[in-house]
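Peer 1: Have a look at this fold, sequence not included:
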């Protein structure tokens, strides 16, 4: 599965469009990590636990998107965009979407 | 009275550790940026030429950086009187540059990175103030 955030794939031809595919996850905070974050909120610096947590959730959203694309018969996703929104104080939603297409070599 | 001491202690701790962490972080950022200068990172939607492109790949880099206690208090004060909150400016600047660096570091062997986008979100315990910010940078790595 080829994934890019540009509108075409160089040296490949798009033979079919399948429309928008997307994946999302909603992640709540982890209690243990939140404790560390509370301390870090005083001294400043990177919250490595949160970076990891959000990265994991984003990978999960990506794999859901890929699964959807694969079930349609696509072999590439173009013009992928990420978006994050905090739903409530404790949870955030990670959303990823793109256009599923079928490509072949020129 | 006791609460005042705690407040002052936390502010002082935040000021000292916050400025040390920020200084060290900027030092690291500058060093890594200099090392990665030869990898062009552009916001164009197309590569300059399609010739010789073997494959393309979506790459991402993300970071969550927390504010310190001193900056929080300072920002609160500035919020009241108005003006530039420079404490937030350096925080966001650090996070963006770090995210771009991580993205570039994950693209080993690429000849360029195109169409980069940067997304910023604030993560906070309550909706009133900024606790931490998350920045994600993503783009398409071109391998020739």
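Peer 2: Looks like it came in fine. None of the values given here were measured: they were computed from a predicted structure.

Peer 1: what helix or strand is the closest residue to residue A:82 other than its chain neighbours on?
Peer 2: Leaving aside its sequence neighbours, residue A:82 sits nearest to residue A:96 (Cβ to Cβ, 6 or more residues apart in numbering or on different chains; 5.3 Å). Quick note: C-beta positions are derived from backbone N, CA and C, even for glycine. Residue A:96 is located in strand A:91-105, with elements delineated by DSSP states H and E.

Peer 1: I'd like to know which elements that strand is packed against.
Peer 2: Helices and strands touching strand A:91-105, by 3 or more Cβ pairs under 8 Å, 6 or more residues apart in numbering or on different chains; DSSP states H and E, are strand A:12-28, helix A:48-72, strand A:76-86.

Peer 1: Quick one: those as CSV, columns for mean neighbour count too.
Peer 2: CSV is the format used below for these (neighbours: other Cβ atoms under 10 Å in any protein chain shown):
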stretch, mean neighbour count
strand A:12-28, 15
helix A:48-72, 18
strand A:76-86, 18
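
Peer 1: what's the closest of those to residue B:33?
Peer 2: helix A:48-72 (19.3 Å; Cβ to Cβ).

Peer 1: Tell me the first helix or strand C-terminal of the helix or strand containing residue B:3.
Peer 2: Assigned by DSSP H and E, residue B:3 belongs to helix B:2-35. For helix B:2-35, the following helix or strand on the C-terminal side (DSSP H and E) is strand B:55-66.

Peer 1: And the residue of chain A closest to chain B?
Peer 2: residue A:44 (3.0 Å; Cβ to the nearest Cβ).

Peer 1: Off-centre distance for stretch A:43-62?
Peer 2: 12 Å (Cα atoms, centre = their mean, to the nearest Å).
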